[in-house]
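1. could you work out the structure for the sequence below:
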Amino acid sequence: MIESIKDMTMPELASFVCSKLEDKNIEVVLSGGSCVEIYSRGDYTSYDIDLINRYNDTFFKIKSLMESLGCTEEGKYFLYEGTSFYIEFPSGPLGLGDAPVDKIAELPTKYGTLKLLTPTDCVKDRLAAYYHWDDPQSLTQAIWVAQKNDIDLNELKKWSKKESCLDKYNDFIKGLQ
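-> So this is what the prediction gives:
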């Protein structure tokens, strides 16, 4: 199995890990830059696979499983020898700004099913970084995802209002034009 891991793409590796964790009743969801990479169809590239521990299972359970799958832990990341991807498990619960995540998308691969944010929630994730940390790169990523996917602008506007960031939401809308 380890030999094939070296040849996996980012979505394949993420789906492999996601499925192995799910087999042990640990649910994780892909977010962050890797989610942007999938939805932007490669306009952005990330080597950091952020799998959010959806229900705050103990990290010890995740660490034990990752080690049994041949990963080594280095700081906050897990690495497979021969790959350039860093797997991280930010603590949950899964949320976007002050809002919980209700819908989870699924991407089947030959190595399992990857659970990930929906395109609309991926945009929220990037906009949250722009709204709260003034990260212009996150705004650009949100625009890329929105341009290549069906997203719910009404939901984004309501969420932005709850985040007290309608002014920055308007920057996002201008970027779409």
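2. what are the bridge partners for V29, then?
-> I52 (DSSP bridges).
3. how about it, what does it touch?
-> L51, I52, R54, L94, V101, I104, K115, L116, L117 (Cβ atoms under 8 Å, 6 or more residues apart in numbering). Where you see a C-beta, it was placed from the backbone N, CA and C, and this is true even at glycine.
4. what's the neighbour count on the fourth one?
-> Here the count is done by other Cβ atoms under 10 Å, and L94 has 22 residues near it.
5. that older thread, buried subset of the contacts of V29?
-> For the contacts of V29, a burial check counting by 16 or more other Cβ atoms under 10 Å picks out L51, I52, R54, L94, V101, K115, L116, L117.
6. and those residues, which two are furthest apart?
-> L51 and V101 (13.6 Å; Cβ to Cβ).
7. so what's L139 up against?
-> When contacts are counted by Cβ under 8 Å, 6+ apart, L139 is found next to R126, L127, Y130, K168, D171, F172, G175.
8. secondary structure element for it, which one?
-> Using DSSP states H and E, L139 falls within helix 136-147.
9. next SSE downstream of that helix?
-> As assigned by DSSP H and E, the chain's next helix or strand after helix 136-147 is helix 153-162.
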